[in-house]
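[1] Structure of the sequence below:
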Amino acid sequence: MTQSRVRILSLAALVGAAALALSGCVDSGRTDNPDSEQGGASGECPVEVNEEVTTSARLAYQPIPNGDLVVRDLGWLEACMPNAEITWDQFSSGGEVVRAFGTDSVDVGLAGSSPTTKSLSPPISNDLQVIWIHDVIGEAESLVVQQNVDAGSLPELEGMRVAVPFASTAHYSLLAALDREGMTPSDVELINLSPDAMLAAWEREEIDAAWVWAPTLQQLLETGEIVLSAADTAEEAPTFDLAAATTAFVEENPDFMEVWTAVQNEAVTMINDDPDTAAASIAVQLGITPEEVLSQFDGYLYLSASEQSGEQYFGGTLGQNLIDTADFLVTQQEIDEVNPPEEYENAIYTDAIDAVAGQ
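    Next up, the predicted model:
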């Protein structure tokens, strides 16, 4: 099922004003990648500033082209909560973020729906709340085969070396695709590689295929071809890039959560209504060109707070999506057992999204 990007509909005057204001926040000529900095630009807060928030927040982000990178690049959290202490740490996959939650190293972090579900389930059982959907994953995560490998379908990869970051949404999509073909993980040689390690293994021809996301996906496509994508498995196994936070942090910092959600919503508005400005900002964070970012946007669906608060997501079926993911993961022996349904449903935090959606 191919996902198309959504254009957020709002009052024309508000959109025009927001686009004008936001476009002034990004210097499209910036080329530095501020991995060691809190943000690449000092942007003005796009929502109401809250000086009463004084908490310390440790944020885990990933190099994925979504609103989280806009927020980081423009320094919106720092501008909107000037008295908070905010630190950002980069991770290569959702599995790494889950481990960071397990060691109490982060408070809020981006992880895919599969690793998030795994984190909520035994034996890990982290006490987390799902707080935001950064994106719905489509063709942005795909299975790529080396050009010199004679395989045009998943069954033709039987016995071959397939790399994927374990406990990621890509891993979940691959398992779902194998299951749909009547295959098991043992029918291929699965190799656990993070995206940053995958490119070197690909160039040395140590792997035959890989299921991964941007920007590594685009690098592999220079000498590879797509066989499948998450869009092909979306009907039976939809995947998302989610934001999660520890339950303790959410309960202790409701004001922080509302501001965090509000600026994420502003970033989604920028991506959908002013993609050139958003791409310029994300390009700095990813170290690629804005044109490359724009091409990657089409592989994702970006949802506003009002869309996320509806019945299809936080207002209804998102909890069931986590349950369905857990049901599948237990059949693949990725988790020990599935929690009672209410434990997944109770892990959906709606207060901040509902507040922002109602503004």
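
[2] ok, the spatially most central residue of the chain - contacts?
    For the chain, the residue sitting closest to the mean C-alpha position, by Cα atoms, centre = their mean, is D241 at 2.8 Å. By Cβ atoms under 8 Å, 6 or more residues apart in numbering, the residues touching D241 are 62, 64, 66, 110-113, 133-135, 137, 169, 300. For every residue, glycine as well, the C-beta is placed using N, CA and C.

[3] can we see that at 7 Å?
    For D241, the contact set (Cβ atoms under 7 Å, 6 or more residues apart in numbering) comprises 64, 66, 110, 112, 134-135, 137.

[4] Which residue, other than its chain neighbours, is closest to it?
    The shortest distance from D241 to any non-neighbouring residue, by Cβ to Cβ, 6 or more residues apart in numbering, is to H134 (4.2 Å).

[5] averaged over its residues, what pLDDT does the helix or strand encompassing that neighbour have?
    For H134, the host element (DSSP states H and E) is strand 128-137. Mean per-residue pLDDT for strand 128-137: 97.

[6] Name the residues that touch it?
    3, 66-68, 101, 110, 116, 119-120, 169, 230, 239-247, 250, 257, 261, 264, 300-303, 308, 313, 318, 347-349, 352.

[7] For that strand, buried residues please.
    Within strand 128-137, the residues scored as buried using 16 or more other Cβ atoms under 10 Å are 128-137.

[8] swap in stretch 53-69?
    Buried-residue list, stretch 53-69, by 16+ other Cβ under 10 Å: 53, 57-69.

[9] Over to stretch 316-333?
    For stretch 316-333, burial by neighbour count (16+ other Cβ under 10 Å) applies to 318-319, 321-326, 328-329.

[10] Output the lowest mean pLDDT helix or strand found in this protein.
    Within the chain, confidence by mean pLDDT, DSSP states H and E is lowest for helix 12-23 among all helices and strands, at a mean of 35.

[11] what's downstream of it, the next helix or strand?
    strand 56-61.

[12] neighbouring contacts of that following strand?
    Contact partners of strand 56-61, identified using Cβ under 7 Å, 6+ apart, comprise 68, 72, 84-91, 97, 100, 105-110, 256.

[13] and the helix or strand where the residue nearest to the centre of the chain lies with strand 56-61, angle?
    Using DSSP H and E, D241 sits within strand 240-246. Between strand 240-246 and strand 56-61, the angle comes out at 160 degrees (axes from the mean of the first three to the mean of the last three Cα atoms, to 10 degrees).

[14] In helices, which of the contacts of strand 128-137 fall?
    Mapping these onto helices (DSSP state H) picks out 67-68, 101, 116, 119-120, 169, 247, 250, 257, 261, 264, 308, 318, 352.

[15] Which residue of the protein lies farthest from its centroid?
    Residue farthest from the centre of the chain, counting by Cα atoms, centre = their mean, is D150 at 31.9 Å.

[16] What confidence value was assigned to it?
    Reported pLDDT for D150: 95.
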